[in-house]
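Undergrad: for reference, the sequence and a predicted model appear below.
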Amino acid sequence: MPHVKPKSLHPQRGTGYHGSFLGIADGAIAANDIVVASGYSGERIKFKKADANATPLASGVMGIADHAVASGGSVRVVSHKLITGVNTSDSTAAGYPVYLSTTAGGWSVTPTGPIVGTVLSDHASTGAVALSITHTANDSLSGTAFGAATSLINGGANDTEILLIQPAGTMLTDAGCVLTTAIAGSSGTTAVKFGTASDGAQICAAANFISSATAGAIGSAITVGGAQGEAAAALTFVANAALWTATERTIYFRAEADAAITAGVMRPFIKFMNVS
């Protein structure tokens, strides 16, 4: 019988075929869609588009469709794949996670679902990701989401709003912000809050990060979890706050300054756990 010498076996470049399935498409599938096992026919597994917004499709045995296929056709599902020439600009940097999207079959570089890969290049048009999925559990939805590091510089009283994304099926466990560049400016107060609408305080009511002070130290923070800013105040979840969400939602962070700020960069975050 034929014999293949070990030295003739080479790993694939960018696509994992060794752990691949030859399955059946349970619905139309596009190339590079993330798919999840949904049934079987004879000795072959059926796969359909995974979806972070649909609990039965957000966890289980997953892979990446290596090519487009119509419903009922044969589909090669691979264990990992390099995807290039994509927009990854919303990622913090290379090395950060890729998540299952709330768009069926898709992925996202902002927290929307279970982790399904890694950002390899952070760029608006020439970005790259490595998708790698074999079995994904809903508990991987637990984690932290960050808002953009944003300048607070202004010439007078001013509000700065930063948006964060809370994944579907998760509950908030902490929220806060940190100074990545020290605040400097005229004596004044800067309060921070979190809401589910622009300028809202449905999650955390306004708490003073600095109070009648000319500066806030780099690295200082205020959180629900106990960190206190210069004003010795801490954030708290408001009574009866809707901390859990069935669907992905936007959380609005707002820093409200009542005086000019000449320097300062703030970055908010939320922590969440899966309870779906």
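TA: Noted; the coordinates are in hand.

Undergrad: what's around V178, how many residues?
TA: 19 (other C-beta atoms under 10 Å). For the C-beta atoms, the positions are set from N, CA and C on the backbone; glycine is no exception.

Undergrad: skip the chain neighbours and tell me the closest residue to it.
TA: Spatial nearest neighbour of V178, chain neighbours left out: A221 (4.1 Å); criterion: C-beta to C-beta, 6 or more residues apart in numbering.

Undergrad: just T170 next, same as before
TA: Nearest residue to T170 in three dimensions, chain neighbours excluded: F272, at 3.9 Å (C-beta to C-beta, 6+ apart).

Undergrad: and the helix or strand encompassing that neighbour, what's buried?
TA: Using DSSP states H and E, F272 sits in strand 261-274. For strand 261-274, the buried set under the neighbour-count rule, 16 or more other C-beta atoms under 10 Å, comprises 261, 264-274.

Undergrad: quick check: the closest residue to W244 other than its chain neighbours vs F237, distance?
TA: Of all residues not flanking W244 in the chain, M171 sits nearest, at 4.2 Å (C-beta to C-beta, 6+ apart). Distance, M171 to F237, using C-beta to C-beta, to the nearest Å: 11 Å.

Undergrad: what does W244 give?
TA: W244 is 12 Å from F237, where distance means C-beta to C-beta.

Undergrad: what does D90 give?
TA: D90 is 27 Å from F237, where distance means C-beta to C-beta.

Undergrad: of the two, which one has the most company?
TA: The residue with more neighbours, out of D90 and F237, is F237; 17 against 14, by other C-beta under 10 Å.

Undergrad: leaving out sequence neighbours, find the closest residue to A28.
TA: Leaving aside its sequence neighbours, A28 sits nearest to S71 (C-beta to C-beta, 6+ apart; 5.1 Å).

Undergrad: find the helix or strand that the one you found is a member of.
TA: Assessed by DSSP H and E, S71 sits outside every helix and strand.

Undergrad: so who does it touch?
TA: Applying C-beta atoms under 8 Å, 6 or more residues apart in numbering, we find S71 in contact with 25-28.

Undergrad: among these, who's most crowded?
TA: Among the contacts of S71, the one with the most neighbours (other C-beta under 10 Å) is A25, at 23 neighbours.

Undergrad: can you pull the contacts of that residue?
TA: Residues in contact with A25 (C-beta under 8 Å, 6+ apart) are 46-48, 69-75.

Undergrad: out of the residues you listed, who's nearest F194?
TA: Taking C-beta to C-beta as the measure, F194 lies nearest K48 of the contacts of A25, at 36.2 Å.

Undergrad: bridging residues for that closest one?
TA: Counting by DSSP bridges, K48 forms beta bridges with V36.

Undergrad: if we can go back for a sec, who touches both of M171 and F237?
TA: Residues touching both M171 and F237 (C-beta under 8 Å, 6+ apart) are L243.

Undergrad: which parts of the stretch 51-200 of the chain are strands?
TA: With DSSP state E, counting those that start in this stretch, the ranges of strands along the stretch 51-200 of the chain come out as 60-65, 74-78, 80-86, 97-100, 107-108, 115-121, 127-132, 135-136, 143-146, 150-151, 158-166, 170-195.

Undergrad: winner for burial among these?
TA: strand 97-100 (a mean of 25; mean count of other C-beta atoms under 10 Å).

Undergrad: give me the domain ranges for the protein.
TA: Structural domains assigned to the chain are 1-140, 143-274, following automatic domain parsing.

Undergrad: save the ones you listed as JSON lines, and put in mean pLDDT too.
TA: Shown next, in JSON lines, are the domains of the chain (pLDDT from 0 to 100):
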{"stretch": "domain 1-140", "mean pLDDT": "84"}
{"stretch": "domain 143-274", "mean pLDDT": "90"}
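
Undergrad: L82 touches A128, doesn't it?
TA: Yes. Counting by C-beta atoms under 8 Å, A128 is a contact partner of L82 at 6.7 Å.

Undergrad: thinking again about what came up before, put together TSV for the strands of the stretch 51-200 of the chain, with distance to A233 on each row.
TA: Shown next, in TSV, are the strands of the stretch 51-200 of the chain (distance: least, C-beta to C-beta, whole Å):
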stretch	distance to A233
strand 60-65	44
strand 74-78	52
strand 80-86	42
strand 97-100	32
strand 107-108	34
strand 115-121	34
strand 127-132	40
strand 135-136	40
strand 143-146	22
strand 150-151	21
strand 158-166	18
strand 170-195	9
